[in-house]
Structures are given as C-alpha cells and as structure tokens.
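J.: Please find the sequence and the predicted model below.
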Amino acid sequence: MHVKSFVFYICLSPLLTQLAAAADAPNFDWSGAYVGGHVGYSRGTANAAISGAGTSIIDHPFGSLTGGLQVGYNYILPSRWLFGIEAEVSFFNALAADDVAWSRTTAVNDIAETIDYMGTVRGRIGYAFDHWMLYGTGGFAWTLGRFLQTPGVTDDTDKLLRVHAGWTLGTGAEIPLSPQWTARLEYLYRNFGGAGVIFPSGTTANASFDVHSVRVGLNYKLSNESPGANHNETPQTQFDNWEIHGQTTYIQQGYPSFHSPYFGDNSFTPWAQTRETWTMSAFFGFRLWEGGELYYNPELLQGFGLGETTGAAGFPNGEAQKSHFPYPRYNTSRLFLRQTFGFGGEQEMVESSYGQMAGKKDVSRLTVQIGKFAVHDVFDNNSYAQDPRADFLNWSIWAAGAFDYPADRLGLGYGALAELNQQRWALRFGYFLVGNEPNSNEFDMSLFRRGGYIAEFEGRYSLASRPGKFRVGVWADTYFSGSYREAVDLTLANPGLDPNDAILQTRTGRTKYGYYLNTEQSLTDDVHLFGRWSWNNGKNEISAFTDIDWSLSGGVVVDGKLWDRPNDKIGLAGAINGLSRDHRDFLAIGGLGILIGDGRINYRPERIVETFYALNVCKGVILTFDYQFMANPADNTDRGPISIFSGRMHAEF
C-alpha cells in the first residue's frame, strides 16, 4: 500500500468505526447551516506546453494529501429529498514539492507551476434515509496556479499568479454522529481549465490539469430546530469513544527600523517590517481498547516569520515555522498511538484537552507512545511557559533554548517514548528520528545507528504548601553534521573558500549532547514563577531547533483574579542566549546557522525581555498584546536593539 494512502487509512479507520456505530441513532434533521473540515488524498494529471528556446510538451501526474474547510446550507423537503449549496477550499500537503503540478528542468533554468489552493462552489442534491444521507454534487471549480521560473530576470525566481477556472462533479454519503456533528465520505472530480503566462524572459507557459479526490469530512451543524434548542450552547466535544478539540491562532508581528551598520543573509533587515502567521487545527482522540488511544491532529499552516524566520537565535514568534507558506498548507501534525498500563491503587481524573482524552487513570502507570508528534509535547514541559498560542512567544522562553531536539522544519518528528508515572515523580525516555542533514524535512532512517535520545526526570513537591515541579533532562543526537572548528580551519587554509561550503565538506556522523533544567513554582493562587537553564557542547551544526549553545530564562505569570479579570493573565520574562567559542568563530568568518548569521559578528550574548497581556474576550477567545525588547540580536552587539510588537488572536473549543 502506498505510504500516503496507509497514513490516510490509519487516520480515518477509528472514525469509520464510529460511523458504523451511529446507525442506531434516531432520525436526524439535516436542515440548516453547517461548517466543517475535510482531509483526503488527491491525484491529478497536468498538461503543459512551454515555448522559448524550443517547445516542450509535458504530461505530469501528481498527488498529495490535502485538507481544507467547507461551509454550506441544507434544505430538506417533507419527501426527504435534500437540496443544498456548499463552498469549500482545499490545500496541498506541507512537504516540499507536494504542491507541484508540473515542472521542467534544463541547463538554463527551471520552470514549474505550483497549486496554492483549490476551491469549489457546488450544489447538492440528496436523499435522507433514516440514519444516513446520500448525495450528488456539482458546480464551479477554480484554482490559483503559481508559475515559477528560476533563475528569473527580475528576481531570483520570477513568479506569476494565474487562476484556472473549471467545473466539478462528485458524490458522497453522510451520517450523523450526534445532534450537532456529522461525518461524510466523498469523492470529487475537478477539471481546471487552461491558464498561461509570459515570463519576463519571454518564455511562455500554458497549462491545465484535473484532480480526483477521495476524502472524509466532519461538519458541525450551526442551527438546531428541535424544541428547546439552545442556539448559543457550547459545541459538544466529548463522546463515549472519541473526542474533538479545535483551535485557530493568528499572530501579526513587526518592528520599527533599528541601528544596523551591516546585515547578512540570515539577518533581520534594519528597516521596519511586519509579518503574520496563522494556524487552524483539530485534535481527535479515539479510544480503541482498554488503555489504548489513537490521536490525530490535522492542521492548516500559513505565513512567514520575520526575516523569513531568521535573524535571532531566540526567535520572537513561536508559531513561525521554517517553510514559509504564502497560502495555507495541510499537515498531519500528529498521528500517534498511546497505550497506558495501570498498576492499580490511587486514581486521578485526567481532563480532556489537546492530546489527552478525559477519564480516570491509575496514578501509578506506565505509558508508551509511538508515532508522529513533537518532542515538546512530552519533554521540557512547563505550566507557565510552554505554548506560544497561549503565553510567551519567544522560542528561548517557551522552550529550553539550547535543547536541540529532533524535528523537521515545522517542529515535528517521529519517535517512541515510555513514561513511568508515580505520585511524586515521573521518568521519561524517548528515541526520535533525526534529519538526514541539519534543518531538514527528510529523516534519517538508519534506526538506532543515528537518532536522538532523551531522558527526563520530573519531581513534584510543595514549598510552603504551594505546588512546584522541577525537571532534569539529558539528550544526545547522532546525525550528519559539520564541525564549526574544522570549517574554520579549512577556510583559513584555503583563502577564497566560502565557510558555508567548507562546513559541508566536514559533514559526517557526529554526536551533539546537552542537558536542561526546568522549574516552576506557584507563590499564590495567582502568581507563578518559572525558569530554565540549558546547555549543549556547541561543537557541531545545530540539527533542528535554533543557534543557541547555552541559555538562561525565567519569569512570572500573574492570573487576572487580582484585578477581577479571572480569565486574563499577564506575563513578564527574560532570556540570555549564548554561543560556544567554535560556533561564534564560524559566524565571525561569514558562516550561517539555521537562524542567524550577519556575515560577521561582534559577539555578545543575545538578551531578550518579553511581556504580554492576554485578554479574555469571551469564552474560548483570547486577544494578546505582546512586546519584546531584544539586545544583541543574533549575538551581535553591532546591531540593534530591536523592539518587537505582536498581536495574537487565539480561539478554541
């Protein structure tokens, strides 16, 4: 079975089981408005004609996981015939090249077309049986194509946007899961008409394509006409064997101009700039058997960090990923299996949340987890500085800055872990795949010969009757990386050799190791302290996180009960981030790290102060105002300081 199809099947099989169980539900009222999301697999064929220095005809198949959103309205007749209208938009997978419809490579240039999104507006005609509904659908379809020529005449890559207009037909079946939720299985065919461009070079390109999609969707009914229905009630998210949570976070961040006598490829530009990021995600939990749970987290990701997520080691936006998506892209951010073995004795109630189903569990337990997730879901947790969607934004404040945990460019990865939990302590150990090179989306599959190992001890205590925790973590990553010192020596021995080419020549299997200390302490019901110290050996290239070899951070979070705003909170924190001698010497001769590199450096540790106020607008909606002061950005005292202003809107259910 194709790996993408296998992933798709694993994601959906528990939901399909739930659909079968819903057959005993009472008759469902399909009338009214609804919103929802979908995920599936799309396969298409593109036809392109390119003319310039000769003519090329291209027939190119492409395929990808896709995900998106829909909104619609149904009207059902007494005869049970249903008429409706639906608008939807779908986005391609976040992996590089998954959005490429066609491409041509020659000795002179590369020409390609990528698909930013696919949209439809469709009518629906269906028939509602007792416990399910069958429908056909059709209408108008369009997509936005991004034509690219590299190298370009006016830029490194010339980009031209064109709309392909066309039509769509499909069919599907839908079944109720509860009075508010329905699930569907759908097939859709979309035919996108031709579109063409003339590049500044004079080369022309004309293309068309069609796409077949098989997908499942989940809809939430906005209206309920049953007697006594509460139209303002909170959506039900917990059911006998499954749960759903959702969130969206929008961040607008920028800074005014600042002092900068020079800047390099990985620098914040000295003139004012602003950038935005946006995410929308759902988190499903499925109870499979006693102690067995499957979790699935589909997400849409869009936006750019400041400087295209370069310019500071303690980067100021924790939602900024390193892949830079001008339009949303779909990603299976988490897909993992968790098995819990209870040892009996005292139990505790676990609340429903992202990545956790509600229920009672033995306090003394062993938990095993395997699949795709983020290392920070389990390790280096902190109650007051952990989630950039809810509290501090700076990377070196919500995480241990020198903890170079294995991940792809979105901060996610594949691994397995075991956690032994007791009343006063917990012990965790995990193994994770590492990238096949630094800052990579491709993982090294040489299991156990290369990879990341992490162990963490968590202790829980009371100080003056106030709860506190401390965590001690040690880690070691073995992966292909270059040596800073060897690259410096090679550059000095070969005048004219670029240090970034030199470090590529030194890449081999190496080990980076380090540790972190993490504490949290409540002073009162409303005032809480936290702190972190982290260190790594600083000899080799950073694998995945950021260019920090030692970091000290800490701060305070105050809940709004003190000023009669119990759901508000305010935070104040600071961080100092530094580099090893080898690392700073490499940057001084023009080397580039993952996030930093000004072409040269007058080294001083990076210093950051961050404060925020999180305002509860209404239930589930938080508006945050954030300010960060950054001295010595990218560990360079020649540039800055910088004042960074952010606004964040976060909503969840």
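T.: Perfect, I can see it now.

J.: use CA for all of it now, contacts and neighbours both
T.: OK.

J.: who touches Leu410 in this structure?
T.: Applying Cα atoms under 8 Å, 6 or more residues apart in numbering, we find Leu410 in contact with Gln321, Lys322, Ser323.

J.: gap between the residue lying closest to Gly52 once chain neighbours are set aside and Ser103?
T.: Of all residues not flanking Gly52 in the chain, Thr203 sits nearest, at 4.5 Å (Cα to Cα, 6 or more residues apart in numbering). With distances taken as Cα to Cα, to the nearest Å, Thr203 is found 14 Å from Ser103.

J.: pretty sure the residue nearest to Gly52 is touching Thr55, no?
T.: No: taking Cα atoms under 8 Å as the definition, Thr203 is not a contact partner of Thr55, at 9.7 Å.

J.: neighbours around the closest residue to Asp387 other than its chain neighbours, how many?
T.: Residue nearest to Asp387 in three dimensions, not counting chain neighbours: Trp398, with 6.5 Å by Cα to Cα, 6+ apart. By the measure other Cα atoms under 10 Å, the count of residues near Trp398 is 26.

J.: now swap in Asp110 and tell me
T.: By other Cα under 10 Å, the residues close to Asp110 number 15.

J.: Show the contacting residues for the nearest residue to it once chain neighbours are set aside.
T.: If the residues on either side of it in the chain are set aside, Asp110 comes closest to Thr150, at 5.1 Å by Cα to Cα, 6+ apart. Contact analysis of Thr150 by Cα under 8 Å, 6+ apart lists Asn109, Asp110, Ile111, Asp156, Thr157, Asp158.

J.: What is the most widely separated pair among those?
T.: Put simply, by Cα to Cα the two of the contacts of Thr150 set farthest apart are Ile111 and Asp156, 12.6 Å from each other.

J.: if you count what's nearby, which of the two comes out ahead?
T.: Comparing Ile111 with Asp156 by neighbour count (other Cα under 10 Å), the higher total belongs to Ile111, at 21 against 10.

J.: so where does the more buried one fall, helix or strand?
T.: strand 110-128 (DSSP states H and E).

J.: Now the helix or strand that comes right after that strand: average pLDDT?
T.: Tracing the chain C-terminally past strand 110-128 and defining elements by DSSP H and E, one meets strand 133-150 next. Summarised as a single mean, pLDDT over strand 133-150 is 96.

J.: relative to strand 110-128, how tilted is the helix or strand following strand 133-150?
T.: Of the helices and strands lying after strand 133-150 in sequence (DSSP H and E), the nearest is strand 158-176. Strand 158-176 and strand 110-128 are oriented at 20 degrees to each other (axes from the mean of the first three to the mean of the last three Cα atoms, to 10 degrees).

J.: What residues of strand 158-176 count as buried?
T.: Burial within strand 158-176, assessed by neighbour count using 16 or more other Cα atoms under 10 Å, is assigned to 158-161, 163-176.

J.: What's the end-to-end length of stretch 493-511?
T.: 25 Å.

J.: going forward, begin numbering at 775 instead of 1
T.: I'll keep to 775 as the first residue from here, and by that count the last item is stretch 1267-1285.

J.: Residues contacting it, please?
T.: Residues contacting stretch 1267-1285 (Cα under 8 Å, 6+ apart): 1224, 1250-1258, 1260-1262, 1264-1265, 1314, 1360, 1363-1366.

J.: Tell me which of those fall in helices.
T.: In helices, defined here by DSSP state H, the members of those are Tyr1258, Glu1260, Ala1261, Val1262, Leu1264, Thr1265, Phe1360.

J.: Tabulate these (a markdown table), appending pLDDT, neighbour count and distance to Tyr1070.
T.: Supplementary listing: the ones in helices among the contacts of stretch 1267-1285 in a markdown table, determined by pLDDT from 0 to 100; neighbours: other Cα atoms under 10 Å; distance: Cα to Cα, whole Å:
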| residue | pLDDT | neighbour count | distance to Tyr1070 |
| --- | --- | --- | --- |
| Tyr1258 | 97 | 26 | 39 |
| Glu1260 | 97 | 19 | 43 |
| Ala1261 | 96 | 26 | 42 |
| Val1262 | 96 | 25 | 45 |
| Leu1264 | 96 | 19 | 47 |
| Thr1265 | 96 | 20 | 47 |
| Phe1360 | 97 | 26 | 41 |
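
J.: Tell me where this protein has helices.
T.: Secondary structure of the chain (DSSP H): helices located at 777-795, 1169-1172, 1258-1267, 1273-1279, 1355-1362.

J.: what residues are up against Ser1420?
T.: For Ser1420, the residues meeting the contact criterion (Cα under 8 Å, 6+ apart) are Ile1025, Gln1026, Gln1027, Gly1028, Phe1399, Asp1400, Tyr1401.

J.: For the fourth one, give its distance to Ile850.
T.: Between Gly1028 and Ile850 the computed distance is 49 Å (Cα to Cα).

J.: still on that earlier bit, which of the contacts of Leu1184 lies closest to Gly1394?
T.: The shortest distance between Gly1394 and any of those, using Cα to Cα, involves Gln1095 and amounts to 24.5 Å.

J.: quick one: the closest one and Phe1078 touch, right?
T.: Yes: under the criterion of Cα under 8 Å, Gln1095 makes contact with Phe1078 at 7.4 Å.

J.: With distance to Ala807 and pLDDT added, can I get the contacts of Thr924 in CSV?
T.: As requested, the contacts of Thr924 are exported to CSV (distance: Cα to Cα, whole Å; pLDDT from 0 to 100):
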residue, distance to Ala807, pLDDT
Asn883, 49, 87
Asp884, 46, 90
Ile885, 43, 92
Asp930, 46, 85
Thr931, 43, 90
Asp932, 42, 91
